[in-house]
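> I'll drop the sequence and a predicted model, then ask my questions.
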Amino acid sequence: MGLLAQLKNKALTVKEQLRPTTDFDPATLPWIDLPEADIATFVKNFKPRFPLTFNLEEKLHFWQKNGYVILENVIPQELLDAYWEDVEELIEHPEKYKLMTRIDLPKFEPIQERLIKDFPKEDLKGKYVKLNDFHQLSETGKNLMTHPAIVNFLEAIFQQQVVVMQSLTFMFGSQQPSHQDFPWVTAKIASHLAAAWIPLEDITADSGPLYYYVGSHKLPKFNFGNGILSNQRSSRSPLEFADYLDKNCAAQGYPRETLLIKRGDVLIWHAALAHGGGTITNPDSTRKSYVCHYSTEQALPFHRYNPFATPVVQEYHGVHIYKHPEFGDQENILKAKPVS
Ligand SMILES: O=C(O)CCC(=O)C(=O)O
């Protein structure tokens, strides 16, 4: 670490010890998280960008109480097929594409995250594969993550310019321990975060489905030793965090639910909803899914790979998706196919 970085780290350590954050900043909370949120009046005045395909008022009440919503049967099958075709093209011809990929297998330690072409091709079809930000290459990925039903809901809860933060594409269950997203997937405003979990096939109970604790977005926040965000100065580990969530959600009576949704449905969850990947009980059972994280322009005015540069903005269905700062002509290399 250079001298300047050391000084900055020291100053941050002192600041975090003197005044550790204990919760989201009330001054920047999305309106729906405020105690006085009036959903009926909001819905009366809200002009959705696209025709509504779900009962917005009902879903907003559900979100406020439970920290998530499921929009049923809103995504066309052709769009899901078209995205999966792009994924198949990528894993059949990894040498043509520039994409950071993670495979959590011991044989790839210590570098489990690499360019996709640097993994053996046969491992790309196996377990523990996580494709990072494939939407940058796939225009269909951009169309899918900004599907009008998702955009209508995100615009309603944020009431601000929505931006894409990152995406993950899975073939198998992640088996990730319980966590909330805001301590890791951080923007300048931790509460400006939501995620969509888009199944690319019907989800079965043996595939390690996503689980979540209903209402857990209201749980008092975990202290990483230096506040509510996890960073290199934190003294408490992700497993301690998982343990805190599992124990306290049970103690508070937040039911643990398993996500067995179908192609065409989408789950959207709150920045602070506790969730994780269940255990895979049938090793052959796939769990193809596309997980997209969103924020607002106020909280994320840059691409997270280059916070110092002005991002190049692409607009899809009203959502801003920043061009990858290093991908150049790989951005949208897989063009959108016409879907009805
Ligand atoms: O899909 C999964 O199993 C985990 C995804 C997840 O937890 C996340 O992206 O925050």
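Thanks, I have it.
> so what pLDDT did Ser167 get?
Looking at Ser167, its pLDDT stands at 98.
> how much space between it and the ligand?
Plainly put, Ser167 is 9 Å away from the ligand if you go by Cβ to the nearest ligand atom, to the nearest Å. Placement of C-beta: from N, CA and C, glycine included.
> Pull the contacting residues for that residue.
By Cβ atoms under 8 Å, 6 or more residues apart in numbering, Ser167 lies in contact with 132-135, 141, 145, 290-293.
> let's see it at 6 Å
Residues in contact with Ser167 (Cβ atoms under 6 Å, 6 or more residues apart in numbering) are 133, 135, 292.
> Also near the ligand: which of those, exactly?
Taking Cβ under 6 Å from any ligand atom as the test, the ligand is in contact with none of these.
> Which of those sits closest to the ligand?
Comparing the contacts of Ser167 against the ligand with Cβ to the nearest ligand atom picks out Cys292 as the nearest, at 8.8 Å.
> sorry, back to before: could you list which of the contacts of Ser167 belong to strands?
Within the contacts of Ser167, residues falling in strands by DSSP state E are Cys292.
> Reformat the contacts of Ser167 into TSV and put distance to Ile268 next to each item.
Output for those, formatted as TSV (distance: Cβ to Cβ, whole Å):
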residue	distance to Ile268
Asp133	19
His135	17
Cys292	10
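> Which member of the contacts of Ser167 is positioned nearest Ala196?
Lowest distance from Ala196 to the contacts of Ser167 (Cβ to Cβ) belongs to Cys292, with 4.8 Å.
> burial count for that closest one?
26 (other Cβ atoms under 10 Å).
> Check the gap between it and Leu18 for me.
36 Å (Cβ to Cβ, to the nearest Å).
> And Val43, by the same measure?
43 Å.
> so what's the residue in the stretch 1-150 of the chain positioned nearest to the ligand up against?
Nearest residue of the stretch 1-150 of the chain to the ligand (Cβ to the nearest ligand atom) works out as Lys130 at 9.0 Å. For Lys130, the contact set (Cβ under 6 Å, 6+ apart) comprises 102, 168.
> can we see that at 7 Å?
If you count contacts by Cβ atoms under 7 Å, 6 or more residues apart in numbering, Lys130 has them with 101-102, 168, 170.
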